[in-house]
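In: the sequence and its predicted three-dimensional model are supplied below.
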Amino acid sequence: MTASQETGLLRDRVVLVTGGTAGLGAGVARAAAREGALVAVTGRRREPGEAITAELVQGGTKALFVQADIGDVAQAQACVSAVITEFGRVDSLVIAAGLTDRGTLLDTTPELFDAHIAVNLKGPFFLMQAVVAHLVARQVPGTIVSIGSTSAHAGQPYLAPYVAAKAGLAGLTRNAAHAHRWDRIRINGLNIGWTDTDGEDATQRRFHGAGDDWRARAGASLPMGRLGQVSEIADFVVFLLSDRSGVVTGSVIDWDQNVLGGMD
C-alpha cells in the first residue's frame with residue numbers, strides 16, 4: 001500500500017511497536033503512521049530510535065521513541081507507562097522485537113536459552129499484561145499483534161532456543177486472546193517466514209557465511225521466487241490491528257509461502 005492508498009485504518013489510535021527502530025518493526029511503524037496512527041517505538045539503541053521517530057514526525061505523525069530492552073521486564077512495563085504518559089493511552093500493541101542468535105539442543109547454554117526466553121517470550125508476556133490491564137481499566141477494545149516465526153512449528157536444528165520461545169509466544173497469543181475476548185481485546189499473531197530485512201542480512205553473513213548474492217540465491221529456492229518483504233507484512237499487521245479484520249482473534253497465521261505439512 002502506497003501513501004496515495006492511505007485509508008485511515010488506524011486514524012487517531014495510539015500504536016506501540018516494540019523493536020520498532022529497524023527491520024519489520026520500523027516497517028510496521030511507518031505503515032501505522034501512514035494509516036493515521038500516533039506511533040511509539042521501542043528499541044535498545046537510541047540513534048536509530050531517534051532517527052525513525054524524526055522520520056515519522058517529519059511526515060506529520062505524532063511519534064515517540066522509548067529506549068528499552070524488552071528482555072528486561074521492568075523496562076518492558078516502563079515503556080507502556082511512558083506511552084500512556086505521553087499520549088494518554090495505548091490502543092494497540094505490536095510485538096516485533098526478537099532475538100535470533102543460533103543454538104542447537106546440544107550446544108545451547110543456559111545463558112543463551114534465558115536470553116531467548118527473555119526477549120521472545122517473557123518480555124512479550126509482560127508487555128501484553130501491561131497493555132491489556134490498561135485497556136481493561138479503560139473498558140475499551142484494543143488490538144495486539146505478536147510477531148512469531150514459522151520455525152515455531154519445529155524449526156531448524158540450529159534454532160532450538162528460538163523455537164522453544166516462539167512456540168511459547170504462539171501459545172501465549174492464543175491464551176490471552178481467549179481470556180480477553182469478552183473485553184473486546186483482539187489478540188492475533190503472525191508466524192512469518194523468510195523475510196528480507198537488514199537484520200536477516202546480518203544474520204546470514206554472521207552465522208552462515210553468506211555473500212552479497214544470498215538474497216537472489218534464497219529467493220530462487222522459494223516457491224514465489226523471492227523473500228517476503230517488510231512492506232507486505234507491515235500492511236498485514238495494520239489490517240489485523242484495524243477494524244477491517246472484524247472479529248478475528250486468537251489466530252496465529254503462517255505468513256509464508258511454504259505450507260505446513262505439505263509434501264512433494
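Out: Right, received. Where do you want to start?
In: where does the nearest residue to T249 once chain neighbours are set aside fall, helix, sheet strand or coil?
Out: Among residues not flanking T249 along the chain, R186 sits closest, at 4.0 Å (CB to CB, 6 or more residues apart in numbering). Quick note: C-beta positions are derived from backbone N, CA and C, even for glycine. Assigned by DSSP: H, G, I helix; E, B strand; the rest coil, the conformation of R186 is strand.
In: would you check that R186 makes contact with S251?
Out: No: the pair R186 / S251 is not scored as a contact, 9.3 Å apart, by CB atoms under 8 Å.
In: who has more neighbours out of these two?
Out: For R186 versus S251, neighbours defined as other CB atoms under 10 Å are more numerous around R186 (24 against 15).
In: now that one, which residues is it bridged with?
Out: Beta-bridge partners of R186, counted by DSSP bridges, are T143.
In: OK, contacts around it?
Out: Neighbour list for R186: 141-144, 177, 240, 245, 247-249 [criterion: CB atoms under 8 Å, 6 or more residues apart in numbering].
In: check those for burial and list the buried ones.
Out: 142-144, 177, 240, 245, 249 (16 or more other CB atoms under 10 Å).
In: which one of those is nearest G20?
Out: I144 (14.5 Å; CB to CB).
In: ok, the closest one to A68 distance?
Out: 17 Å (CB to CB, to the nearest Å).
In: what of G60?
Out: Taking CB to CB, one finds G60 at 25 Å from A68.
In: who has more neighbours out of those two?
Out: When neighbours are counted by other CB under 10 Å, A68 comes out ahead of the other of G60 and A68, with 24 against 10.
In: still on that earlier bit, show me which of the buried ones among the contacts of R186 is closest to C79.
Out: I144 (14.5 Å).
In: on the three-state scheme, R205 is what?
Out: At R205 the chain is in helix, as set by three-state DSSP.
In: I'd like to know how many residues surround it.
Out: Around R205 there are 13 residues (other CB under 10 Å).
In: now swap in the one 5 residues further on and tell me
Out: For A210, the number of neighbouring residues by other CB under 10 Å comes to 17.
In: is it true that it touches E200?
Out: No: A210 is beyond contact range of E200, at 9.6 Å (criterion: CB under 8 Å).
In: with the contacts of R186 in mind, which one is nearest to W255?
Out: Looking across these and measuring by CB to CB, the closest to W255 is L240, at 10.5 Å.
In: so the closest one touches I147, yeah?
Out: No: assessed by CB under 8 Å, L240 is found out of contact with I147, at 10.8 Å.
In: shared neighbours of the two, which are they?
Out: L190.
In: ranges for the helices of the stretch 101-250 of the chain?
Out: Along the stretch 101-250 of the chain, counting by DSSP state H, counting those that start in this stretch, helices occupy 110-117, 123-138, 160-179, 198-208, 214-220, 230-241.
In: do you know which of those helices lies nearest T53?
Out: helix 230-241 (16.9 Å).
In: mean confidence for the next helix or strand after that closest one?
Out: Sequence-wise, the next helix or strand downstream of helix 230-241 (DSSP states H and E) is strand 252-255. For strand 252-255, mean pLDDT is 95.
In: swap in stretch 158-172?
Out: Mean pLDDT, computed over stretch 158-172, is 97.
In: dihedrals phi and psi, the residue nearest the centre of the chain?
Out: Taking CA atoms, centre = their mean, the centroid of the chain lies closest to A96, which sits 2.1 Å from it. Phi and psi for A96, reported as degrees, to the nearest 10, are phi -110, psi -10.
In: wait, it sits on G25?
Out: Yes: at 3.6 Å, A96 counts as touching G25 under the criterion of CB under 8 Å.
In: overlap in contacts, those two.
Out: Common contact partners of A96 and G25 (CB under 8 Å, 6+ apart): 17-19.
In: so how far is the first residue of stretch 188-207 from its last?
Out: 31 Å (CA to CA, to the nearest Å).
In: mind checking which helix or strand L64 is in?
Out: Element membership for L64, per DSSP H and E: strand 63-67.
In: what does G25 give?
Out: helix 23-34.
In: now do the following helix or strand past that helix: distance to the chain's middle.
Out: Once the chain leaves helix 23-34, the next helix or strand it forms, by DSSP H and E, is strand 38-43. On the basis of CA atoms, centre = their mean, to the nearest Å, strand 38-43 is displaced by 12 Å from the centre of the chain it belongs to.
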